[in-house]
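*Asks:* sequence first, predicted coordinates after that:
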Amino acid sequence: MYQRLPELIDDINSRGMTSFLVTNGTFSHMVKKLIDHQPTQIYITLPAPDEQTFEEVCKPLGHGGWGRIMKSIGLLRHFNRSVIRLTVAKGWNFKDPEKYSEIINNNEFDFLEIKSAVPIGGAMYRMEPSQIVGMEEIKEFSRKIEKNTEFNIADEQIESQVVLLTKKDN
């Protein structure tokens, strides 16, 4: 992660612009620094429902990545506007909504996005079109998470194959 990210966020905010930060959460030390340099909204990708799936699917180069992601997700409670994003693909991480729900229930954040991975960019070399999760499948998966968490389905975007969930008390 860019070492001067806190200063960049401050500069963007000082200009009256909106700052959206999307991260995989593996640099938890930087996420912690950003608590005092708040982006408008921070997204952290939850890449798997458990550490074993994370290791199998993400194939991290170093050790401790799962723990750093969990630490970053735990820091979301300190942000003004925070999102966990699940980008799912068949045969990889599109499974175990109950395990995702457990992680969701053990953390505090504002929004949950569940979307299908698509084979564009670098993913087109690792992903087959058959791994794309259809919108009805995304909605059903979202309903399972809704059933087991404090989040409600709030909106969907068919073109992006994404469902947005918000806290039930909102």
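*Replies:* Yep, it's here.
*Asks:* pull out the buried residues from stretch 51-68.
*Replies:* By 16 or more other C-beta atoms under 10 Å, the buried positions in stretch 51-68 come out as Thr53, Phe54, Cys58, Pro60, Gly65, Trp66, Arg68. The way it works is simple: take the backbone N, C-alpha and C, and place the C-beta from them, glycine included.
*Asks:* same question for stretch 130-137.
*Replies:* Applying 16+ other C-beta under 10 Å to stretch 130-137 flags Gln131, Ile132, Val133, Met135 as buried.
*Asks:* and Gly156, how many neighbours?
*Replies:* Just so we're on the same page, residue 156 is Glu rather than Gly. Counted by other C-beta atoms under 10 Å, the residues lying close to Glu156 total 17.
*Asks:* how much space separates it from Ile138?
*Replies:* 8 Å (C-beta to C-beta, to the nearest Å).
*Asks:* shared neighbours, the two?
*Replies:* Shared contacts of Glu156 and Ile138 (C-beta atoms under 8 Å, 6 or more residues apart in numbering): Val162, Val163.
*Asks:* output the below-cut-off pLDDT ranges for the protein.
*Replies:* Where the chain drops to pLDDT under 70, the residues are 1, 170.
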